[in-house]
Each structure stands twice: as C-alpha cells, then as structure tokens.
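[1] Have a look at this prediction, sequence included:
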Amino acid sequence: MVAPPLLRAVIMGPPGSGKGTISARIIKHFGLKHLSSGDLLRDNMQRRTEVGILAKSYIDQGRLIPDDIMTRLMLNELKGLNRYNWLLDGFPRTVAQAEALDKVCQIDTVIDLDVPFENIKCRLTARWIHPASGRVYNLEFSPPKVRGIDDITGEPLVQRDDDKPETVTKRLQAYDAETRPVLEYYREKGLLKSFSGTETNKIWPHIYAFLQTKLPDVSQKDAATPR
Ligand SMILES: Nc1nc2c(ncn2[C@@H]2O[C@H](COP(=O)(O)OP(=O)(O)O)[C@@H](O)[C@H]2O)c(=O)[nH]1
Ligand SMILES: Nc1ncnc2c1ncn2[C@@H]1O[C@H](COP(=O)(O)OP(=O)(O)O)[C@@H](O)[C@H]1O
C-alpha cells in the first residue's frame with residue numbers, strides 16, 4: 001500500500017496573533033509534529049548554548065536572528081521529523097529563510113493569522129508561558145487553573161523578557177519590514193491561506209474546517225472525554 005504524502009504546513013502571523021495557541025489545537029486534532037522556532041531558541045537560551053547566547057542579544061532587542069543561524073538551526077531540527085506530518089511555527093520569517101526551506105522540501109500550505117496589531121499588544125503583556133513545553137496562557141483569555149502555575153506539570157510560569165511593550169513595538173516593526181514579504185512570497189505560489197479576525201475562538205473553526213480537507217481528526221477517539 002502506498003502511504004499518503006506527508007503534510008508540510010507553516011503557520012504565520014504577527015507576534016501575539018495566536019500561532020502558539022492555534023498550533024496546540026492543530027496538534028491535538030490532527031497529530032502533526034510542531035516545530036516552533038521561538039520555543040527552540042528559548043530552549044537554547046535556557047541551556048546557554050552558543051546559539052542561545054547569541055540569540056538572546058537579538059531577541060531582547062526585538063530583532064530577528066540572522067538568517068544563516070536560524071536556517072541552519074531549523075533545517076537541522078527538521079531532519080529528525082522527516083517521517084511525520086509537520087507544522088512550522090515562527091519559521092520562515094524572511095524571504096531568504098523561505099527560499100532556504102524550499103530547497104529542502106515542498107511546502108503544501110501556509111496558514112496566515114491575520115490579526116490586527118491593535119488587538120495584539122495587550123495580549124502579549126498578559127502572556128505567561130511554561131518554557132519547557134511551550135504552553136501559553138493569558139491572564140484574561142486562557143488563565144491557568146492556579147495563578148502562575150502550569151496546569152499539567154505544576155511548575156512555575158514565566159513572562160517572556162521580550163513581551164515588554166517597547167520590545168513588542170520593535171517586533172511588530174520587524175514583522176512589517178521582514179515577514180510581510182514572506183506572505184507575498186507564498187501568495188504568489190498559491191499556498192497562502194489567510195484567516196482574518198480578532199479572536200482565536202472565532203478563527204479556529206475555519207482553520208479546523210480547512211485542515212479537515214487535508215487530514216483526518218485523530219482526536220475523535222477522545223470525543224467522549226470532555227475537554
Ligand atoms: N485576549 C485574547 N488573547 C488571546 C487570544 N488568542 C490567544 N491569546 C493570548 O495571546 C497571547 C499570544 O498568543 P500566542 O498563541 O502565544 O501567539 P503567538 O505569539 O502568535 O505564538 C497568549 O497569551 C494567548 O493566550 C484571543 O483570542 N484573545
Ligand atoms: N525564523 C526566525 N528568524 C529570526 N528570528 C526569529 C525566528 N523565529 C524566532 N525568532 C526570534 O525569536 C523571537 C521570539 O519568537 P516567537 O516565540 O516565535 O515570537 P512571537 O510570539 O513573537 O511570534 C522573535 O522576536 C525573534 O527575535
């Protein structure tokens with residue numbers, strides 16, 4: 001029997017648009033492997049690797065990490081995911097990164113979260129994360145069961161240093177200058193699927209319906225279990 005082709009998907013959107021939140025739902029329902037560039041960089045920073053030490057100086061200033069470093073890191077990680085359907089989150093963020101990715105694989109679809117900047121800033125200052133898993137919380141939108149504590153492991157949550165208002169402004173500027181052209185790049189290739197809205201819970205059903213045309217929902221077996 002010939003196995004169906006593997007799905008190569010990318011999720012894009014400005015900082016705070018809900019990439020991490022929606023990726024978690026996609027993984028739960030469709031069982032893809034998730035590779036988040038931000039989580040990978042934060043793991044490197046925490047372990048004080050060479051890449052992590054270098055990345056910190058850029059991230060703290062709200063700037064993008066240089067393309068060659070970022071591309072090497074991500075493509076190396078992707079090698080281990082060859083046999084799986086995967087979803088890239090936070091990469092590519094520049095046209096040079098998108099071109100490098102194209103050299104090693106064929107992207108099937110790019111999900112673009114088109115959320116206005118004015119909705120984003122207050123989300124980021126209320127964001128708390130569990131660094132080890134990448135789980136994200138928000139004091140208003142999705143609070144943890146116990147304030148400051150991860151629901152699953154009981155470990156402490158932290159705020160990201162780069163979620164300070166002044167750094168957020170710089171990250172949004174970097175998005176406009178360097179990442180919007182990537183949307184055009186994929187639009188021209190006919191791969192871009194944009195979802196516009198101001199609330200994740202309203203955008204999600206559309207993304208869910210779109211992905212159902214590509215993959216079966218593997219969470220159905222748990223449908224009797226609420227959550
Ligand atoms: N108020 C509000 N917050 C949201 C919504 N969707 C996600 N968030 C929160 O906004 C923050 C940014 O979302 P995240 O998924 O981390 O975005 P990313 O930066 O694109 O990966 C997190 O604290 C989320 O919990 C929403 O619809 N409304
Ligand atoms: N593909 C990339 N290219 C360059 N820098 C990146 C990339 N992915 C992440 N970074 C750096 O890591 C920071 C955090 O990334 P991420 O967690 O994806 O942020 P966000 O929640 O803002 O989308 C970015 O502001 C940037 O400095």
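    Noted; the coordinates are in hand. No experiment lies behind these values; they were computed from the predicted model shown. Ligands and ions are numbered 1, 2, ... in the order given.
[2] Ignoring the adjacent residues along the chain, who's closest to the residue nearest the centre of the chain?
    For the chain, residue 89 is the residue whose C-alpha lies nearest the centre (CA atoms, centre = their mean; 3.0 Å). Closest residue in space to residue 89, ignoring its immediate chain neighbours: residue 36 at 4.2 Å, by CB to CB, 6 or more residues apart in numbering. In this view, the C-beta of every residue, glycine as well, is placed from N, C-alpha and C.
[3] what number of residues lie near the one you found?
    Around residue 36 there are 19 other residues, counting by other CB atoms under 10 Å.
[4] Local confidence estimate at it?
    At residue 36, the model reports a pLDDT of 97.
[5] ok, it to residue 110 distance?
    Relative to residue 110, residue 36 is positioned 16 Å away (criterion: CB to CB, to the nearest Å).
[6] Establish whether stretch 38-45 and ligand 1 are in contact.
    No: on the criterion CB under 6 Å from any ligand atom, stretch 38-45 is out of touch with ligand 1, staying 7.0 Å away.
[7] tell me the contacts of whatever residue of the chain ends up closest to ligand 2?
    Shortest the chain-to-ligand 2 distance, computed as CB to the nearest ligand atom: residue-wise this is residue 38, at 1.9 Å. Contact partners of residue 38, counting by CB atoms under 8 Å, 6 or more residues apart in numbering, are 20, 89, 90.
[8] Quick check: helices, which of those are part of them?
    Within the contacts of residue 38, residues falling in helices by DSSP state H are residue 20.
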